[in-house]
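Undergrad: no letters, just coordinates:
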């Protein structure tokens, strides 16, 4: 599964955070107990640095690092860990960047023998950002090499947005991704399958500033063919706090 916030990679603005820490409480068991055994907290750390150096031949755009820990293990220990790191760059005049991204992680289950990898993914593709009526947008199309037991060559379409209201006392932002993956991932459960599956992931979110660096808000996590192979569109809200520093 790809969690992407590459909108932050392609826009240089002092209104965007350099780094932040978020604590979410995921309410998916409350919303859908038939498919989810528990609610759980999630910690996010995100770091962003603009590197728009137009004097060099290779012009770096921005660097982004995201770490996610789902505290869904026994006694709220880490049950899933995910990391994503990205860099954009260009060596031409038009401000269409190439984005290079790595993502991967792992999950721990009970019983332990059902633990799993979030397999490494390497993505490369053009990205373009723009502003409209005070909002920021970015689109990207990627080729992704997913390092499954049977490797998968895939495409991904990403779209990101962000807008602040009343001097950023309220922020509305988020992203969605549409991507393909081999149905046959190379394990015993899927080795008779053929073709591609199409998946969707989205996470619109809203934040309300209560102090200079502290906000509270909510994220709506949207899944289709991401955490289940069923033809099921899943919608799970969180309640959250965020600190920028």
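TA: Good, I have the coordinates. Keep in mind the model is a prediction, meaning the values are calculated, not measured.
Undergrad: and residue 72, how many neighbours does it have?
TA: Residues contacting residue 72 under the criterion other Cβ atoms under 10 Å number 22. For the C-beta atoms, the positions are set from N, CA and C on the backbone; glycine is no exception.
Undergrad: quick check: phi and psi at it.
TA: phi -110, psi 10 (degrees, to the nearest 10).
Undergrad: which residues touch it?
TA: With contact taken as Cβ atoms under 8 Å, 6 or more residues apart in numbering, residue 72 is in contact with 38, 40, 79, 80.
Undergrad: helices and strands around the longest strand anywhere in the chain, which ones?
TA: Assignment by DSSP state E gives strand 116-132 as the longest strand of the chain. Contact analysis of strand 116-132 by 3 or more Cβ pairs under 8 Å, 6 or more residues apart in numbering; DSSP states H and E lists strand 80-90, strand 97-107, strand 135-146, strand 152-165 as its packing neighbours.
Undergrad: in the third one, what's buried?
TA: Translated: strand 135-146. Buried residues in strand 135-146, defined by neighbour count with 16 or more other Cβ atoms under 10 Å: 136, 137, 138, 139, 140, 142, 144, 146.
Undergrad: and which of the residues you listed is nearest residue 167?
TA: Within the buried residues of strand 135-146, the smallest distance to residue 167 is 15.8 Å, found for residue 136 (Cβ to Cβ).
Undergrad: my read: residue 243 touches residue 21, true?
TA: Yes: with contacts counted by Cβ atoms under 8 Å, residue 243 reaches residue 21, the gap being 5.0 Å.
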